[in-house]
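K.L.:
Next comes the sequence, and after it the predicted model I'd like to discuss.
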Amino acid sequence: MAKSPKEMANSMIANMKEKTGKTLEQWVKIAKKSDEEKHGGILKYLKTEHGMTHGFANLVAHKTLKSDAGSAKGGDDGLVAAQYAGPKADLKPIYDAVIKAVNALGKDVEVSPKKSYVSLRRNKQFALIQPSTKTRVDLGLNMKGADATGRLEKSGSFNAMVSHRVRLEKPGDVDKDVKAWLKKAYTES
């Protein structure tokens, strides 16, 4: 039976000291001292300067950046702050309402900010939050096979990483329907 990504990561962490000579915590400290701030930079540093294999370097880079991002339950790091800066500042309460709903789903949700959106993951990405215009946040959901009805529309050209989209214009739009769709996407991931 194939291992889940979480099981594979746990196995790598358990074997890291034996395979690399250091624990994950030791490698994270080393990666932080490198002054590299991006995943690719940390990856390259660990591979070239320490001879680490790609898989272990990738894991350490992810853990290093996650520990710097604040709370995995919706920490407002620099990427999120930049998304909701300037003319999109009024949209931040919508983001906060989605994060509050997502946090109620389970402790295994990973909130992973990117440059222009925030990925919501469990075993795989089940949703994303993106401030698309000055007046709207788009919530992308992965619900393969679900019918588009009312506010729940097919993602179309919005984003190929999700199957559906809901347009949110105020925090109150994160209602029982949106929470149910988030739960469905979360459960299926």
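P.N.:
Perfect, thanks for sending it.
K.L.:
contacts, neighbours, all on C-alpha from now
P.N.:
OK.
K.L.:
What's opposite the most centrally placed residue in the chain in the beta bridge?
P.N.:
Residue closest to the average C-alpha location in the chain (C-alpha atoms, centre = their mean): Ser112, at 2.4 Å. Beta-bridge partners recorded for Ser112 (DSSP bridges): Ser119.
K.L.:
mind starting the numbering at 26 from now?
P.N.:
Okay, residue one is now 26; in that scheme the one you just asked about reads as Ser137.
K.L.:
Next one: it relative to Pro112, how far apart?
P.N.:
When distance is defined by C-alpha to C-alpha, to the nearest Å, Ser137 is 23 Å away from Pro112.
K.L.:
next one: Ala171
P.N.:
As judged by C-alpha to C-alpha, Ala171 and Pro112 stand 34 Å apart.
K.L.:
Would you mind telling me which of the two has more residues around it?
P.N.:
More crowded of Ala171 and Pro112, by other C-alpha atoms under 10 Å: Ala171, with 14 against 11.
K.L.:
Remind me what the lowest-mean-pLDDT helix or strand in the chain packs against, helices and strands.
P.N.:
When each helix and strand of the chain is scored by mean pLDDT, DSSP states H and E, helix 79-93 comes last, with a mean of 80. Judged by 3 or more C-alpha pairs under 8 Å, 6 or more residues apart in numbering; DSSP states H and E, the packing partners of helix 79-93 are helix 30-45, helix 49-58, helix 64-75.
K.L.:
Worst mean pLDDT among these?
P.N.:
Out of these, helix 30-45 stands lowest, with a mean of 84 (criterion: mean pLDDT).
K.L.:
so how far is it from its chain's centroid?
P.N.:
Using C-alpha atoms, centre = their mean, to the nearest Å, the mean C-alpha position of helix 30-45 is found 21 Å from that of the whole chain.
K.L.:
what domains does the record give for the chain?
P.N.:
Using automatic domain parsing, the domain ranges for the chain come out as 30-93, 103-213.
K.L.:
which of these sits most buried?
P.N.:
domain 103-213 (a mean of 18; mean count of other C-alpha atoms under 10 Å).
K.L.:
Just list the residues touching the residue nearest to the centre of the chain, thanks.
P.N.:
Ala97, Val143, Ser144, Leu145, Arg146 (C-alpha atoms under 8 Å, 6 or more residues apart in numbering).
K.L.:
and of those residues, the nearest to Val85?
P.N.:
Using C-alpha to C-alpha, Ala97 is the member of the contacts of Ser137 that lies nearest Val85, at 16.1 Å.
K.L.:
that older thread, report the separation between the residue nearest to the centre of the chain and Leu145.
P.N.:
According to C-alpha to C-alpha, Ser137 and Leu145 sit 6 Å apart.
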